[in-house]
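Engineer: Sequence first, predicted model second:
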Amino acid sequence: ISVPLSFFGSIGGASKRGILVKGGNYLEALANAETVVFDKTGTLTKGSFEVTRIHTNSMNEDELLDLAAHAESYSDHPIAKSVCAKFGKEVDHGRITSDEEISGHGIRAVIDGREVFAGNKKLMEQQSVSVPECGCRGTMVHVAADGGYAGHIVISDVVKETSAEAIKSLKENGVKQTVMLTGDAKSTAEEVANTLGLDKVYAELLPADKVDKVEELLKEKQEGSSLVFVGDGINDAPVLTRADVGIAMGSLGSDAAIEAADIVLMDDDPAKISLAMKIARKTVRIVR
Ligand code: ADP
Ligand code: MG
């Protein structure tokens, strides 16, 4: 057993700063990171958005929001929480007879006996519900009821204050490329990527597509260097597992994420990622 003592010191030091490292090998891999891949929603963006617009087609605004909030009421997704916050009232669970999350797409629910879908364009396409063109900026939650398009809720996706600085710091500490993966629409994704100065962005990905993308990036990296994935654990536990170092933003409290991750950040501050990197690099330097 040749784990140098300084690793224990570093792991202890990191934990005092809200960074839980599950083993010294992850510090070493982090110090040798070549590619850092981020999930967007809840990781680089706040994940608690504000509803900025509601457009309706076949019903009034209150009815649309009521159906959407009831459909979203069982979901932990940041989008779901935003819709429920906008609704602002108690949800009547007695009205919901069925509710399922369709990963990377949205929700299917039965409310007052009506079949309701709330989610992205892909979900609407899957249900053969046509979505009218809209020049809206932001993350769209389309709502369909009884097989027809009901309207959409536009949510503004706010970048976290420390995201840009964290990305800059990673590059200064030897990371060659930063990548963002998201299930969100291309336009929204590109806006965030440009704001943050990320090297690459891949949008409209399903959870399985994210795994494929990470596999691809793993093949591209140099031997001896590593790929780090940072996510909030919602829909991305498989990618956390696949990366050389999976970092979970832990405060959302998803058990699956905490289990899948190699490093858990106790709060959702991206600055903790660059701090972890600095601790890792210092530790490895001491050891060598
Ligand atoms: P991200 O990659 O941005 O973290 P996810 O993989 O969690 O996002 O979800 C991808 C997309 O699927 C979201 O941008 C959204 O359009 C849609 N989606 C997922 N869950 C929900 C939900 N509960 N309500 C509405 N839309 C959802
Ligand atoms: Mg996510």
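Structural biologist: Nice, thanks for sending it over. Numbers count the residues shown, from 1 in each chain. Ligands and ions are numbered 1, 2, ... in the order given.

Engineer: residues in contact with Glu28?
Structural biologist: Shown in contact with Glu28 (CB atoms under 8 Å, 6 or more residues apart in numbering): 280, 283-284. Quick note: C-beta positions are derived from backbone N, CA and C, even for glycine.

Engineer: Buried ones among these?
Structural biologist: 280, 283-284 (16 or more other CB atoms under 10 Å).

Engineer: Show me which of these is closest to Lys219.
Structural biologist: Distance to Lys219 across the buried ones among the contacts of Glu28 (CB to CB) is lowest for Ala280, with 23.6 Å.

Engineer: pretty sure the closest one is touching Ala31, no?
Structural biologist: Yes - between Ala280 and Ala31 there is a contact under CB atoms under 8 Å: 4.1 Å.

Engineer: tell me which parts of this protein are close to ligand 1?
Structural biologist: 39-41, 72, 75, 77, 79-80, 104-107, 118-120, 139, 141, 182-184, 207, 234-235 (CB under 6 Å from any ligand atom).

Engineer: near ligand 2, from the residues you listed?
Structural biologist: 39, 41, 234 (CB under 5 Å from the ion).

Engineer: Next, work out how far apart the second one and Glu165 are.
Structural biologist: Spelled out, it's Thr41. 20 Å (CB to CB, to the nearest Å).

Engineer: quick one, which of these two is more surrounded?
Structural biologist: Thr41 (25 against 14; other CB atoms under 10 Å).

Engineer: just the contacts of Glu28: which has the poorest pLDDT?
Structural biologist: Least confident entry in these, by pLDDT: Val284, with 85.

Engineer: residue contacts, Asp66?
Structural biologist: Contacts of Asp66 by CB under 8 Å, 6+ apart are Phe87.

Engineer: tell me the phi and psi of it?
Structural biologist: phi -60, psi -50 (degrees, to the nearest 10).

Engineer: Cheers, nothing more for now.
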